[in-house]
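A.B. asks: Sequence unavailable; structure follows:
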């Protein structure tokens with residue numbers, strides 16, 4: 001894998017998935033619209049899988065998409081999970097962006 005690959009994928013990924021993703025920008029989104037938060041969380045994980053450049057990982061993620069959606073939905077019922085996801089996703093995004 002070439003140096004800078006993750007940064008290139010991050011640049012080429014539609015801005016709305018990174019910048020407007022509620023799992024990066026608004027922990028209150030969980031309270032306002034849990035379904036939107038779940039969808040954004042899924043999209044975040046798929047973007048990260050794409051950034052890895054691993055077709056097997058991307059294929060596996062597609063296979064377990066419904067399981068992930070259910071798990072994320074259930075986990076959001078626990079206190080502070082959305083805030084923890086926000087924190088973790090921001091750190092992951094920053095690591096990818098900064099290389």
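C.D. replies: Structure received. All of these numbers come straight from a predicted model, not from anything done at the bench. Numbering: from 1, shown residues only.
A.B. asks: what helix or strand does residue 78 sit in?
C.D. replies: Assigned by DSSP states H and E, residue 78 belongs to no helix or strand.
A.B. asks: Next, work out how far apart residue 84 and residue 91 are.
C.D. replies: Distance, residue 84 to residue 91, using CB to CB, to the nearest Å: 11 Å. In short, each C-beta sits where N, CA and C put it, glycine included.
A.B. asks: Compare the two and say which one has the larger neighbour count.
C.D. replies: The neighbour comparison of residue 84 against residue 91 (other CB atoms under 10 Å) goes to residue 84, with 13 against 10.
A.B. asks: okay, now residue 37: neighbour count?
C.D. replies: Neighbours of residue 37 using other CB under 10 Å come to 25.
A.B. asks: element containing it?
C.D. replies: Per DSSP H and E: residue 37 is located in helix 34-52.
A.B. asks: Tell me which residues of that helix come out buried.
C.D. replies: Across helix 34-52, burial judged by 16 or more other CB atoms under 10 Å covers 37-52.
A.B. asks: again with stretch 50-69
C.D. replies: Buried, per 16+ other CB under 10 Å, within stretch 50-69: 50-52, 61, 68.
A.B. asks: Flag whichever of the residues you listed scores worst on pLDDT.
C.D. replies: The lowest pLDDT within the buried residues of stretch 50-69 belongs to residue 51, with 74.
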